[in-house]
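> Give the three-dimensional model of this entry:
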Amino acid sequence: SDIGLDEAGFEKPDMESGKTVALDGSTVLNVRLNRKIFTVTFYVKESWYSNWKIQPKLTITAKYGADVSSVWNDVDHKEYMWYTSSSCKTSVGAMKTMPAENLSRYGNKVNTTKIKYLTQNLSGSGYSTYMEGVLPDGWTINEGDIIQIEGFSYERMDTRYKTLYYTRNNYTLSYNANGGSDIPSPETKKFESILKVPVKQPVKEGYEFTGWYYDPGAQEKVNFDKDKMPAHNTVLYAGWTVKTYQVEFDVNYEGGTGFAVNANYNTPVKIPDTPERDGYTFLGWSIKSDTLVKYDFGTPIKDNITLY
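Here you go, the predicted model:
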């Protein structure tokens, strides 16, 4: 998918309901994607001549993308060398995360040797040990030893030193004005690189920019200079708070007491109570102090105004 996740690992999207969609496009509907649960089933033989039997206590059940390396490497699982099929021709050196499919693994008790998984450093120079796996003694690492490592792509293997190398992935960080305009250009970021505040800020008439968020509803704010680029393409959404303007009501005679109210941008101000003045009949609120030009209270407020 566009964010680098396997759609087969998710249930059918669940869209939020019960909201009235505004004509100005400001309504946010959340879509929830629940991860599916998958299983790794393990088989072993009591002898070379017996049938393969499921080992229930070894079964690994987890949600798609969950880190299962600690279970894979526990005492019970490390007792065996695991293979992709009952022919035991392709060994599986390690397992980091649960894939978007059910798997079967077949085990034999054999002597093993360590293999290494190295990932590219953030600087792009050199590699560091990410984790270790195992291989039957005398075997050469092969495609069965290639595992998925979040944020990295398999690059190559060194059969002599039983080492697999992974390059660090690049992902796209883009910006959504969320009803505004004038957004920063998309950026290409390395996995785990620190997110920096973009210099360019969006604009939206009648609204103040409150920062960048991970969701269009502006609930989870980006912590720049601390948050890191995730292992998928990411969209940051502009957050906005509506501007408030003052509507002043001037009773337009010496000694009279006026008042003021606040109104949100693009929202009509409510008609106030009728003012009283001895000997006079109130004719209405005007946009001019010396001439009666009645104000239309259905007019959306877009600036500070005075009514007389």
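> Would you agree residue 78 falls within a strand?
No - applying DSSP: H, G, I helix; E, B strand; the rest coil, one finds residue 78 to be helix, outside a strand.
> Return the residues in contact with it.
By Cβ atoms under 8 Å, 6 or more residues apart in numbering, the residues touching residue 78 are residue 134. For every residue, glycine as well, the C-beta is placed using N, CA and C.
> roughly how far apart are it and residue 107?
From residue 78 across to residue 107, the span is 10 Å (Cβ to Cβ, to the nearest Å).
> Centre-most residue in the protein?
Centroid-nearest residue in the chain, with Cα atoms, centre = their mean: residue 214, separated by 5.9 Å.
> Kindly give the local confidence score, pLDDT, for the closest residue to that one other than its chain neighbours.
Spatially, and ignoring its direct neighbours in sequence, residue 214 is nearest to residue 220 (4.5 Å; Cβ to Cβ, 6 or more residues apart in numbering). For residue 220, the pLDDT comes out at 93.
> What of the one 10 residues further on?
Predicted confidence (pLDDT) for residue 230: 94.
> Check residue 273 too.
At residue 273, the model reports a pLDDT of 90.
> where does it land in three-state SS?
Three-state assignment for residue 273 (three-state DSSP): coil.
> What is the neighbour count of residue 153?
The tally of other residues near residue 153 (other Cβ atoms under 10 Å) stands at 13.
> er, residue 192 actually
Neighbours of residue 192 under the rule other Cβ under 10 Å: 14.
> the helices in the stretch 51-200 of the chain, which residues?
Using DSSP state H, counting those that start in this stretch, the helices of the stretch 51-200 of the chain run over 69-72.
> can you give me the strands for it?
Counting by DSSP state E, counting those that start in this stretch, the stretch 51-200 of the chain has strands at residues 53-54, 60-63, 81-83, 103-108, 112-120, 127-136, 152-158, 163-168, 170-176, 187-190.
> And stretch 215-225, what's buried?
216, 218, 222 (16 or more other Cβ atoms under 10 Å).
> From residue 159, how far off is the nearest residue to residue 114 once chain neighbours are set aside?
Excluding the flanking residues, the one nearest residue 114 by Cβ to Cβ, 6+ apart is residue 132, at 5.3 Å. Noted for residue 132: a distance of 16 Å to residue 159, by Cβ to Cβ.
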